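# one predicted model, sequence on top.
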Amino acid sequence: MPSHDVLIIGAGLAGQRAALAAAQTGATVAIISKVHPVRSHSVAAAGGINAALNPEDTWESHAFDTIKGSDYLGDQDAIEIMTREAPAEMLWLEHAGVTFYRNETGNLGTRAFGGASAARTYYVADITGHAILHVLYEQLMKHSDTVDRFEEWFGTDLLQDDDGRCIGAVCRNLRDGELQVFNAKNTILANGGAGQAYKPTTNGLIVTGDGISQAYRIGARLMDMEMVQYHPTTLAGNGLLITEGARGEGAWLLNAKGERFMEKYAPNKLELASRDVVSRAEQTEINEGNGFPDGTVALDITRVPRRRVLEALREIVNIGRDFAGVDITREPIHIHPGQHYIMGGVKTDVDGQTTIPGLYAAGEVACVSVHGGNRLGANSLLDTLIFGRRSGEHAAAQGLQMPMPTTPVTRVNDTDRAIRAIINRSEGGRRVSAIKDELGETMNQYAAVFRDAAGLQTAHEIIRRLKEEAPKAVIDDRGTVFNQDVIGAIELGYMLDVAETILVAAMERKESRGAQYRTDFPARNDDEWLKHIDISANGADEPKVDYSPVTITRWEPQERTY
Ligand SMILES: Cc1cc2nc3c(=O)[nH]c(=O)nc-3n(C[C@H](O)[C@H](O)[C@H](O)COP(=O)(O)OP(=O)(O)OC[C@H]3O[C@@H](n4cnc5c(N)ncnc54)[C@H](O)[C@@H]3O)c2cc1C
């Protein structure tokens with residue numbers, strides 16, 4: 001049985017950064033990923049990563065922008081750590097081999113991003129995540145004596161001992177269906193987000209909320225689940241992302257009348273207001289009949305010199321051409337707000353510790369909370385790296401002091417039975433894909449840019465019905481080799497859990513803050529709602545709601561305008 005000081009589930013930026021940090025302490029590490037690590041969703045990150053590295057910039061300015069962006073729901077102690085540690089992390093990445101853009105003076109160059117009062121986004125063209133992920137993977141190779149990689153293994157269930165401590169996980173080898181207990185002193189969840197609970201989404205098919213649901217199922221608290229980010233510039237129909245880097249380089253948003261409508265909504269920051277503000281502005285224009293017949297507004301990138309677009313935004317040139325038939329260097333492209341990121345997740349402290357002993361979380365699966373009600377663009381890559389590293393260091397240091405748990409191999413039996421039950425389902429139920437489509441469309445209709453009690457309640461009733469239908473959903477593949485049908489059926493359960501926790505938290509928060517805009521409670525209400533909503537399962541059929549305080553250190557809440 002594999003036994004390690006630290007087990008990391010997920011090999012995107014958060015997981016690989018955690019693995020490197022843990023390995024550097026001398027701990028033994030297992031890192032597992034349901035896809036090859038460099039296919040993790042971090043590879044899609046385009047626009048860049050924030051750090052106050054320029055001499056004229058300060059971490060305090062970065063921290064304030066992040067807090068304001070979060071609509072004052074972010075925890076200021078965690079934000080201070082992230083923004084203070086950002087410059088050193090950036091330099092570490094550079095020294096490790098990430099080829100960040102350098103300007104004509106030979107210095108690291110930046111681009112502007114939304115909600116930021118300085119241009120502090122460092123980037124590699126529009127493939128920043130790709131570049132960082134590959135460098136981390138190369139660096140991991142140096143530690144092959146202490147880091148065991150389990151590529152194309154799927155974590156199905158977290159394991160606990162009699163005292164409730166997490167002691168590892170059951171995982172399935174996707175190549176042959178073998179189940180294995182992974183024994184670990186500490187386990188770090190780095191499974192990424194849950195965008196596939198929405199349709200459409202900018203997130204890939206693998207982003208299915210596995211870690212959030214697995215932690216929730218064993219009693220961990222989730223936090224800020226109502227805060228779901230809609231990105232202002234996604235393609236109609238397929239949800240593909242046009243990076244914020246385009247607006248950072250100078251692109252404008254126009255309605256169907258050719259008006260630069262952001263002048264009305266955010267006269268100072270215009271297109272570079274924070275994402276919740278821009279998405280609401282676009283949706284308002286569309287709802288008021290100022291959009292195009294396909295339910296979109298236009299992003300005009302022709303304002304950016306063609307040479308610069310081809311140098312710095314070449315991926316979105318390809319996306320525009322291949323997926324919308326538009327040459328973005330010559331004509332505006334139609335876009336609208338689309339699901340992109342989940343600010344909520346498994347509640348952690350600043351070292352990644354969750355409310356379950358022995359269980360850590362880092363990256364998009366986690367909620368530290370540095371993003372609060374709304375994440376600033378280019379702060380997620382930073383979050384994955386800072387808190388991935390801190391989780392890896394902490395879990396390893398703790399693990400080196402502890403005895404290895406002894407987990408019986410029979411702990412695979414429950415998972416084995418559950419998988420056999422999926423394979424043996426009789427005909428007659430709905431297809432997994434049909435249920436997943438209904439889930440995603442429901443969330444996109446009722447838990448999107450604008451929400452109200454009636455819609456959220458309707459969505460919750462639909463999700464409860466889908467939760468009853470999911471265990472009967474039929475699959476075709478009954479084999480053991482790369483059986484994605486079985487995995488799809490398991491992931492559907494995770495996404496339904498995530499959806500329900502989002503809806504319950506969104507119904508609970510009776511105010512508008514950040515990404516949660518309640519048309520029935522349109523104002524922010526600090527007196528009653530300047531607090532986190534925590535959600536846990538605790539054996540109850542429906543999610544249980546608790547509250548926890550927002551940590552405010554030196555930045556008192558103010559009116560938020562851009
Ligand atoms: C199109 C796009 C562009 C973006 N651009 C930017 C940007 O420019 N700047 C920025 O800051 N942020 C950006 N983001 C957000 C950012 O990329 C993500 O939030 C971040 O990369 C998430 O990293 P992660 O390590 O938490 O998870 P991921 O990179 O999603 O990795 C998750 C890992 O978990 C594994 N996994 C999941 N479930 C299981 C399981 N059950 N068993 C085993 N393994 C499992 C996966 O295989 C994968 O290895 C963008 C997001 C998208 C969608």
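Arrived safely, thanks for sending. Numbers count the residues shown, from 1 in each chain.

# packing partners of the lengthiest helix in the chain?
Secondary structure of the chain read by DSSP state H shows that its longest helix is helix 484-508. Taking 3 or more Cβ pairs under 8 Å, 6 or more residues apart in numbering; DSSP states H and E as contact, the helices and strands that helix 484-508 lies on are strand 153-160, helix 210-217, helix 413-423, helix 432-446, helix 453-469, strand 531-536, strand 544-549. Quick note: C-beta positions are derived from backbone N, CA and C, even for glycine.

# ranges for the helices of the stretch 101-250 of the chain?
In order along the chain, the stretch 101-250 of the chain carries the following helices (DSSP state H, counting those that start in this stretch): 128-141, 210-217, 245-248.

# do the longest one and the ligand come into contact?
Same thing as helix 128-141. Yes: where contact is defined by Cβ under 6 Å from any ligand atom, part of helix 128-141 touches the ligand, namely 128, 129.

# go through that helix and flag the buried ones.
Neighbour-count burial for helix 128-141 flags 128, 129, 130, 131, 132, 133, 134, 135, 136, 137, 139, 140 (criterion: 16 or more other Cβ atoms under 10 Å).

# what angle do the helix or strand containing residue 16 and helix 128-141 make?
With elements taken from DSSP states H and E, the one containing residue 16 is helix 13-24. On the basis of axes from the mean of the first three to the mean of the last three Cα atoms, to 10 degrees, helix 13-24 is oriented at 20 degrees to helix 128-141.

# angle of the helix or strand following helix 13-24 against helix 13-24?
Toward the C-terminal end, the helix or strand that comes next after helix 13-24 (DSSP H and E) is strand 29-33. An angle of 160 degrees separates the directions of strand 29-33 and helix 13-24 when computed by the same axes, to 10 degrees.

# about what we covered before: tell me the mean pLDDT over the longest helix of the chain?
When pLDDT is averaged along helix 484-508, the result is 98.

# contact residues of the stretch 201-350 of the chain facing the ligand?
Among all residues of the stretch 201-350 of the chain, those adjacent to the ligand (criterion: Cβ under 6 Å from any ligand atom) are 202, 203, 206, 207, 210, 241, 341.

# give the contact list for the residue nearest to the third one when sequence neighbours are not counted.
Translated: residue 206. Across the structure, with Cβ to Cβ, 6 or more residues apart in numbering as the measure, the residue nearest residue 206 apart from its sequence neighbours is residue 35 (5.7 Å). Shown here is residue 35, whose contacts under the criterion Cβ atoms under 8 Å, 6 or more residues apart in numbering are 151, 152, 206.

# Serialize the helices and strands packed on helix 484-508 to CSV and add fields for mean neighbour count, distance to residue 328 and mean pLDDT.
Supplementary listing: these in CSV, determined by neighbours: other Cβ atoms under 10 Å; distance: least, Cβ to Cβ, whole Å; pLDDT from 0 to 100:
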stretch, mean neighbour count, distance to residue 328, mean pLDDT
strand 153-160, 22, 38, 97
helix 210-217, 26, 34, 98
helix 413-423, 15, 44, 95
helix 432-446, 19, 25, 98
helix 453-469, 17, 34, 98
strand 531-536, 22, 39, 98
strand 544-549, 13, 44, 98
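
# hang on, the earlier thing: ChimeraX command to pick out the buried ones of the contacts of residue 35?
Typed into ChimeraX, the next command selects the buried ones out of these (criterion: 16+ other Cβ under 10 Å):
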select :151,152,206
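
# okay if I get the contacts of residue 35 as a markdown table plus pLDDT?
Compiled in a markdown table, the contacts of residue 35 are given as follows (pLDDT from 0 to 100):
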| residue | pLDDT |
| --- | --- |
| 151 | 97 |
| 152 | 98 |
| 206 | 98 |
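
# and the pLDDT for the closest residue to the ligand within the stretch 301-450 of the chain?
Using Cβ to the nearest ligand atom, the single residue of the stretch 301-450 of the chain nearest to the ligand is residue 363, 2.3 Å away. The pLDDT attached to residue 363 in the predicted structure is 98.

# tell me how far the residue lying closest to it once chain neighbours are set aside lies from residue 41.
For residue 363, the nearest residue in space outside its immediate sequence neighbours is residue 14; the separation is 2.6 Å by Cβ to Cβ, 6+ apart. Distance of residue 14 to residue 41, given as Cβ to Cβ, to the nearest Å: 11 Å.
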